[in-house]
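Student: Sequence and predicted structure below; questions after.
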Amino acid sequence: MSTSSDLEILVPPAQQLDIAGERLEIRPLVLGELPAVLKAVRPFAAQLAGGPDWLALFAEHGEALLQTLTLTARKPREWVDQLAVDDALALAAAVFEVNADFFVRRVAPRIGDLAQQLSTRLAGPTPSPG
């Protein structure tokens, strides 16, 4: 028999968050959002496992992270750009917490797998010049 906690694992609940004078409902991603979010998160996906260092992510991948927040918060980029740093960090944490299964269990390992496959191919024998 399924319990509410089993359902929350499959479909994480939305999270209410008060940011910049607004109450946001951070919800899990839906299928139509995946292409743009995957493209935005790709540069830093491998760094999402464990407890991400949000300040380091902003420093190293600021544009990609801002684009990801814009898409996942479903707010205009101008709104995201105007957030105070502590609000941006809270928003990032909420977005990735609500979508943790997607980012940590699906995206980050896949990025690692692809890197390993590429590395194996590059290390393999190279054809001799004809």
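Tutor: Nice, thanks for sending it over. Since this is a predicted model, take the numbers as computed values, not measurements. Residues are numbered from 1 along each chain as shown.
Student: elements contacting the biggest helix by length in the chain?
Tutor: Longest among the helix segments of the chain by residue count, using DSSP state H, is helix 54-73. Identification of packing neighbours for helix 54-73 by 3 or more CB pairs under 8 Å, 6 or more residues apart in numbering; DSSP states H and E yields strand 22-26, helix 34-41, helix 77-81, helix 85-98. All C-beta spots, glycine's among them, are computed from the backbone N, C-alpha and C.
Student: Nearest approach to Pro13 belongs to which of those?
Tutor: Comparing the helices and strands packed on helix 54-73 against Pro13 with CB to CB, the closest turns out to be helix 85-98 (7.9 Å).
Student: tell me what that closest one is packed against?
Tutor: Helix 85-98 packs on strand 15-19, strand 22-26, helix 54-73, going by 3+ CB pairs under 8 Å, 6+ apart.
Student: Which of the ones you listed sits closest to Leu83?
Tutor: Where those are weighed against each other on CB to CB, the nearest is strand 15-19, at 6.8 Å.
Student: and the closest one, which strands flank it?
Tutor: Sheet neighbours of strand 15-19, with direction, are listed as strand 22-26 (antiparallel) (DSSP bridges).
Student: buried sites along the strand it pairs with?
Tutor: Of the residues in strand 22-26, those buried under the neighbour-count criterion (16 or more other CB atoms under 10 Å) are Leu24, Ile26.
Student: what does stretch 53-70 give?
Tutor: For stretch 53-70, using 16+ other CB under 10 Å, the buried residues are Trp54, Leu57, Phe58, His61, Ala64, Leu65, Leu66, Gln67, Thr68, Leu69, Thr70.
Student: quick one: low-confidence ranges for this protein?
Tutor: For the chain, applying pLDDT under 70 flags the ranges 1-12, 103-130.
Student: ok, for Ala92, nearest residue in space, not its chain neighbours?
Tutor: Leaving out its chain neighbours, the residue that sits closest to Ala92 by CB to CB, 6 or more residues apart in numbering is Trp54, at 5.3 Å.
Student: Identify the residues contacting the one you found.
Tutor: With contacts defined as CB atoms under 8 Å, 6 or more residues apart in numbering, Trp54 is in contact with Leu89, Ala92, Ala93.
Student: Right, I'll leave it there.
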